[in-house]
Structure formats: C-alpha cells, structure tokens
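Visitor: What shape does this take:
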Amino acid sequence: MASAIFHFATIDVNLKQGVDIQDITKDLNHLIGQSGIENGLATACIAGSTGSLTTIEYEPGVIQDLKDAIHRLAPEGMAYAHELAWHDGNGHSHVQAALLGPSIALPVRKGRLKLGTWQQAVVINHDNSARKRTVEVTLVGM
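Guide: Okay, here's the model as predicted:
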C-alpha cells in the first residue's frame, strides 16, 4: 500500500478594493503537480476575515453577476454594528466574506483538480481597500 502524501503551500494574490475576484485554478494545479499527488483532496483557506473562496465559471458575465449578488446581500452604506464599534467602514466586507466562506475542498484526480468544464476556483477580496491575500493550501493524497 502506498503512503499518503501531505503537501503544504501558500498562494499570494494581490487584489483590488472589493469586490475583486481572481482565478487561482492554475496556481492550485501547479501546486498539485509539485506535490506528486495523483488522487486526493485539495483544501484551501484564505487568511483574513474579509476574503473568501469559492468556485464559479470565471467569465466576465458570471463574475459581474456574482459581484452584483454580493452587493445586494450585504451592501455598503448600511448601518453595521462593526462600523459603529471600529469606524473602519468595512462592516459589509466582513458579512460578505462570511456568507461565501473562507475555504473550499476540491477533489484531485489524475494529478489535477477535478472540476466541471466551466468551473474554476476563485479568491475574493471584499474589503474596502486593496489587499494581498494569502491562501493556505493543504494537499493530501497518493
């Protein structure tokens, strides 16, 4: 029986003021290739409470639709208790990120992410300023 491989890495992404969405699928597949894992699981978690990760078709229309939906769910300009306490103007950013979530888990098959034809992994900045986001990646498999 083959031994399990554990591989740990980070991906740094420079993102504009939120909502900014960037595709990290190629980065994840590159890390999988470096790890030697053929079949297993890729998990990724964003460091920070105003960023999120998800999968989506990364094309301009869908990206704009997602941005619009995020703004409708937790718009800027509303009264947020966080802003009343901290006066930093990003209460909406925390809520948006929490609704989408900080992590994803994706299957690895034949040395690559097993995604749908039109599905990519994306990182999102929700904050009211540009951010360098760090995505912590853990790969497990054989």
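Visitor: If we ignore the residues flanking it in sequence, what's nearest the spatially most central residue of the chain?
Guide: Taking CA atoms, centre = their mean, the centroid of the chain lies closest to L53, which sits 2.2 Å from it. Computed as CB to CB, 6 or more residues apart in numbering, the closest residue to L53 that is not its neighbour in sequence is I104, at 4.7 Å. All C-beta spots, glycine's among them, are computed from the backbone N, C-alpha and C.
Visitor: After the strand or helix carrying that neighbour, which helix or strand is next?
Guide: If you go by DSSP states H and E, I104 is part of strand 103-109. As assigned by DSSP H and E, the chain's next helix or strand after strand 103-109 is strand 112-113.
Visitor: average model confidence for that following strand?
Guide: In this model, strand 112-113 carries a mean pLDDT of 98.
Visitor: Stretch 119-128 now?
Guide: 98.
Visitor: hmm, back to that, my read: the residue nearest to the centre of the chain touches I46, true?
Guide: Yes - using CB atoms under 8 Å, L53 and I46 qualify as a contacting pair, with a distance of 5.4 Å.
Visitor: Tell me the residues that contact both of those two, please.
Guide: Residues touching both L53 and I46 comprise P102, S103, V123, V135, with contact defined as CB atoms under 8 Å, 6 or more residues apart in numbering.
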